[in-house]
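Chemist: What follows is a protein structure lacking sequence information:
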């Protein structure tokens, strides 16, 4: 600060006129105002205002407007003391609005930002799966041409899950005609018209839904395999079953241990022959070479299913961020993985 040359009033460096006596100090000096932090109370009030507007727009299903409101609220939250917590909440709502608006790639990006900023976030693995699923769906949606009715060559990831069409007559191939091709037994399917060659795809809504359903099935299958990995406390042991097969397999001890009572009874009936013992040695080798996942999915199914985390129930629009609801019986996956 410096004194006014006329009245000695202390003046700021940016003042060009004395606020006390009115003396003009300079007609050329440009007033300079230093950076002044906005008051936290005003920022918090503005944030809450935009947050309420965004939630109202979300409830009215005006997702584009809701996304804009949440973005403006994010800007107001940068100067607050609880900035990190606020940012996670606002980005979660922003991601939800973007997803509802069909902007899947942008929604996935918001989830990734949340994961980078909040290392100890509850439900982190589910959010990672959500971000990946949204990104994959965004890529799939980008494949759909205008109108969605043109035939195109199939991508590798589409061949086993979407409806396929004959490359010659454009007839939709039945699953019976595609069985060998989908299983990898033949190089190309054969149509009733006689054409044998690479199939085509028609990227309609049904096509996209088939891809999205496969993504959901893959996510649930991954969770089931994770639950079946390692030794399960209180379950049957692969090593114990193998030892019983080696040392007491001639009377079917390992069969009774594994819950296969009928096979165990037959082993007891024919224990006077060498057949049960030879079979038991072969089964002991199979048990020892079996993976933990394969063994648990064969003999510890109830305990495996109990280890899968319970899925959250669907929440209101302004509540949770996402839902990982399982719509199929987990036993279907067990059958698929063990046969």
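Modeler: Yep, it's here. Source: prediction; values computed, not measured. Numbering: from 1, shown residues only.
Chemist: what domains does the record give for this structure?
Modeler: Following automatic domain parsing, the chain resolves into domains at 1-32, 40-142, 151-228, 238-315.
Chemist: Helices of the stretch 1-150 of the chain, residue ranges please.
Modeler: Listed in chain order, the helices of the stretch 1-150 of the chain (DSSP state H, counting those that start in this stretch) span 40-59, 63-76, 83-100, 104-117, 124-142.
Chemist: Dump the ones you listed into CSV; add mean pLDDT as well.
Modeler: Listed next are those as CSV, based on pLDDT from 0 to 100:
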stretch, mean pLDDT
helix 40-59, 80
helix 63-76, 85
helix 83-100, 82
helix 104-117, 81
helix 124-142, 70
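Chemist: Make JSON lines out of the ones you listed and add mean neighbour count and distance to residue 284.
Modeler: (C-beta placed from N, C-alpha, C; glycine too.) Conversion of those to JSON lines gives the following (neighbours: other Cβ atoms under 10 Å; distance: least, Cβ to Cβ, whole Å):
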{"stretch": "helix 40-59", "mean neighbour count": "16", "distance to residue 284": "60"}
{"stretch": "helix 63-76", "mean neighbour count": "20", "distance to residue 284": "60"}
{"stretch": "helix 83-100", "mean neighbour count": "20", "distance to residue 284": "52"}
{"stretch": "helix 104-117", "mean neighbour count": "19", "distance to residue 284": "45"}
{"stretch": "helix 124-142", "mean neighbour count": "17", "distance to residue 284": "37"}
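Chemist: circling back to that earlier point, show me the least confident stretch of the domains of the chain, going by mean pLDDT.
Modeler: Ranked by mean pLDDT, the domains of the chain bottom out at domain 1-32, with a mean of 69.
Chemist: For the nearest residue to residue 112 once chain neighbours are set aside, give me its contacts.
Modeler: Counting by Cβ to Cβ, 6 or more residues apart in numbering, residue 112 lies nearest to residue 131, which is 5.4 Å off, once chain neighbours are set aside. Residue 131 sits next to 108, 111, 112, 115 when contact means Cβ atoms under 8 Å, 6 or more residues apart in numbering.
Chemist: now the residues you listed in TSV, with distance to residue 177?
Modeler: Formatted as TSV, the contacts of residue 131 follow (distance: Cβ to Cβ, whole Å):
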residue	distance to residue 177
108	37
111	41
112	42
115	44
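Chemist: nearest to residue 15, of those?
Modeler: The nearest member of the contacts of residue 131 to residue 15, counting by Cβ to Cβ, is residue 112 at 48.9 Å.
Chemist: thought residue 19 was touching residue 11?
Modeler: Yes. Using Cβ atoms under 8 Å, residue 19 is in contact with residue 11, at 7.4 Å.
Chemist: More neighbours: the two, which one.
Modeler: residue 11 (20 against 10; other Cβ atoms under 10 Å).
Chemist: gap between the more buried one and residue 201?
Modeler: When distance is defined by Cβ to Cβ, to the nearest Å, residue 11 is 77 Å away from residue 201.
Chemist: for this protein, longest helix please?
Modeler: Using DSSP state H to define each element, the chain has its longest helix at helix 205-228.
Chemist: How many residues are close by the closest residue to residue 249 other than its chain neighbours?
Modeler: The shortest distance from residue 249 to any non-neighbouring residue, by Cβ to Cβ, 6+ apart, is to residue 280 (2.2 Å). The number of residues packed near residue 280 is 24, by other Cβ under 10 Å.
Chemist: shouldn't residue 280 be in contact with residue 242?
Modeler: No. Between residue 280 and residue 242 there is no contact under Cβ under 8 Å: 9.8 Å.
Chemist: Give the residues shared as contacts by these two.
Modeler: Residues touching both residue 280 and residue 242 by Cβ under 8 Å, 6+ apart: residue 254.
Chemist: Tell me how many other residues surround residue 185.
Modeler: Using other Cβ under 10 Å, residue 185 is surrounded by 8 other residues.
Chemist: Tell me how far it lies from residue 173.
Modeler: Separation of residue 185 from residue 173 (Cβ to Cβ): 15 Å.
Chemist: again, but for residue 15
Modeler: 84 Å.
Chemist: again, but for residue 12
Modeler: 82 Å.
Chemist: So between these two, which is more surrounded?
Modeler: Set residue 12 next to residue 173 and count neighbours by other Cβ under 10 Å: residue 173 wins out with 18 against 12.
Chemist: Tell me which residues touch that one, please.
Modeler: 163, 164, 165, 166, 189, 191, 199.
Chemist: How many residues are close by the residue nearest to the first one when sequence neighbours are not counted?
Modeler: In this case it means residue 163. In space, and not counting its chain neighbours, residue 163 is closest to residue 172: 5.8 Å by Cβ to Cβ, 6+ apart. Applying other Cβ under 10 Å, we find 13 residues neighbouring residue 172.
Chemist: correct me, but residue 172 touches residue 165?
Modeler: Yes. Residue 172 is within contact range of residue 165, at 5.4 Å (criterion: Cβ under 8 Å).
Chemist: Show me how far the longest helix of the chain is from its chain's centre.
Modeler: Its chain's average C-alpha position is 10 Å from that of helix 205-228, according to Cα atoms, centre = their mean, to the nearest Å.
Chemist: From residue 182, how far out is residue 224?
Modeler: Taking Cβ to Cβ, one finds residue 224 at 22 Å from residue 182.
Chemist: Comparing those two, which residue is more hemmed in?
Modeler: Neighbours per residue (other Cβ under 10 Å) separate residue 224 from residue 182, with residue 224 holding more: 21 against 14.
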